[in-house]
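Q: Everything below, folded, please.
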Amino acid sequence: MSEENVVASSWPERVASADKPSIKLLLLSGGSLPGQPHGYALEWVKKHFDASPNAPKNILSIPYAQAPKDWDKNAEVEKRAFRLLGINIISAHTVDDPRKLLDKVDDVFVTGGNTFRLLKKLKETGLLSAIQEKVRTGIPYAGTSAGTIVACPTIMNSNDMNIIPDLESLNALGVFPVQINAHHIRGHAYYPDETGNYMCHNGETREDRIEEFHEEHPTMPVIGLPERTAIRMVGNMVEVLGNKPAWLYQAGKEPISITDGKILSALVPALSAPGVERCA
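A: Residues are numbered from 1 along each chain as shown. I've put the predicted structure just below:
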């Protein structure tokens, strides 16, 4: 099935009640090709934000997963990528208090980079709680890589090195109730040696690391999200987008391959209930 057919055939309808707006999330794993930022996901982003050149949307872009020296460059890349979709990018780093922009934009987009750096800056700016509140009242949220992981209860399933040792907590937005491991690879990775032959990387696999995670946090499921795939949640409905399956890991159980999102949709109501485990 082509990527276009996946987008057209598996898009969830909005689910909302009159008194409770739907949470609307588009969580991208990442995996863009050089020179094509978010190229695999542009139609998903366009539809998620309900944007078009005739009905443009203002999007608050959060670049904080990257180093400050790269924020201007990030903003320009995002503007070029989204301009033809009818999306106007406003970068959070261009104002002193980006929280004030949340009342002036239609949607939020959080870019990739180092998840620990992102979480620290979201806390420092007050955006962590401000975005959480906005998303819970219905503003659409999209993230890629680090921006996807920070939507989860915690950032404990990031692949990044912790370059921010003084974070008091790894709790994140918690607007998506399941942990995600972005850029997920099953099995061993291979790399070319000096002769051009491919060698197996003999370190722990992602499955090994998730099993270690479940030894300490057995009640927290983890979704392994491969490159160039995404999860979209609208209310209690969850979809897996892309031409590869996601993987659901639960402590003491065999991993489950997921393509249609029905299993995740069944998990979401229970996991959204009070008492869901988060890290201290």
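
Q: Asp106 versus the residue lying closest to Leu241 once chain neighbours are set aside, what's the distance?
A: In space, and not counting its chain neighbours, Leu241 is closest to Ala230: 4.4 Å by CB to CB, 6 or more residues apart in numbering. The C-beta positions use only the backbone N, C-alpha and C, and glycine is treated the same way. For Ala230, the distance to Asp106 (CB to CB, to the nearest Å) stands at 20 Å.

Q: which one of the two has more residues nearby?
A: Neighbours per residue, other CB atoms under 10 Å: of Ala230 and Asp106, the larger number sits with Ala230, 27 against 16.

Q: can you map out the helices along the stretch 151-280 of the chain?
A: For the stretch 151-280 of the chain, the helices defined by DSSP state H, counting those that start in this stretch cover 206-216, 262-271.

Q: show me what contacts the residue most central in space within the chain?
A: Centroid-nearest residue in the chain, with CA atoms, centre = their mean: Thr148, separated by 1.5 Å. Contacts for Thr148 were tallied using CB atoms under 8 Å, 6 or more residues apart in numbering; they are Leu27, Leu28, Ser29, Gly30, Ile180, Ala182, Leu225, Ile231.

Q: If we use 7 Å, what do you get?
A: Residues near Thr148 by CB atoms under 7 Å, 6 or more residues apart in numbering: Leu27, Leu28, Ser29, Ile180, Ala182.

Q: same thing with Gly113?
A: Contacts of Gly113 by CB under 7 Å, 6+ apart are Ala65, Gln66, Ala146.

Q: Let's see which of the residues you listed end up in helices.
A: Ala146 (DSSP state H).

Q: Turn the contacts of Gly113 into CSV, columns for pLDDT, neighbour count and distance to Glu76.
A: Converted to CSV, the contacts of Gly113 look like this (pLDDT from 0 to 100; neighbours: other CB atoms under 10 Å; distance: CB to CB, whole Å):
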residue, pLDDT, neighbour count, distance to Glu76
Ala65, 97, 27, 16
Gln66, 96, 19, 13
Ala146, 97, 28, 19
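
Q: Tell me the one among the contacts of Gly113 nearest to Lys47.
A: Sorting those by how near they are to Lys47, with CB to CB, puts Ala146 at the top with 22.7 Å.

Q: so how far is Lys121 from the closest one?
A: Applying CB to CB to Ala146 and Lys121 gives a distance of 11 Å.

Q: just Thr148 next, same as before
A: 16 Å.

Q: do Ala251 as well
A: 32 Å.

Q: Can you tell me what sits against whichever strand or helix holds Trp44?
A: Under the criterion of DSSP states H and E, Trp44 resides in helix 42-49. Contact with helix 42-49 is made by 7, 11, 26, 38, 57, 59, 85, 87, 107, 140, 142, 230, 232, 241, as judged by CB under 7 Å, 6+ apart.

Q: Off-centre distance for that helix?
A: 14 Å (CA atoms, centre = their mean, to the nearest Å).

Q: could you dump that helix to PDB, C-alpha only?
A: This file holds the C-alpha atoms of helix 42-49, laid out as PDB (Å, rounded to 0.1, in the frame of the first residue of the first chain):
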ATOM      1  CA  LEU A  42       3.600  16.800   4.700                       C
ATOM      2  CA  GLU A  43       0.200  15.600   3.700                       C
ATOM      3  CA  TRP A  44      -0.400  14.200   7.200                       C
ATOM      4  CA  VAL A  45       0.600  17.600   8.800                       C
ATOM      5  CA  LYS A  46      -1.600  19.500   6.300                       C
ATOM      6  CA  LYS A  47      -4.600  17.400   7.100                       C
ATOM      7  CA  HIS A  48      -3.900  17.300  10.900                       C
ATOM      8  CA  PHE A  49      -3.800  21.100  11.000                       C
END
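
Q: I'd like the average pLDDT over it.
A: Averaged over helix 42-49, pLDDT sits at 93.
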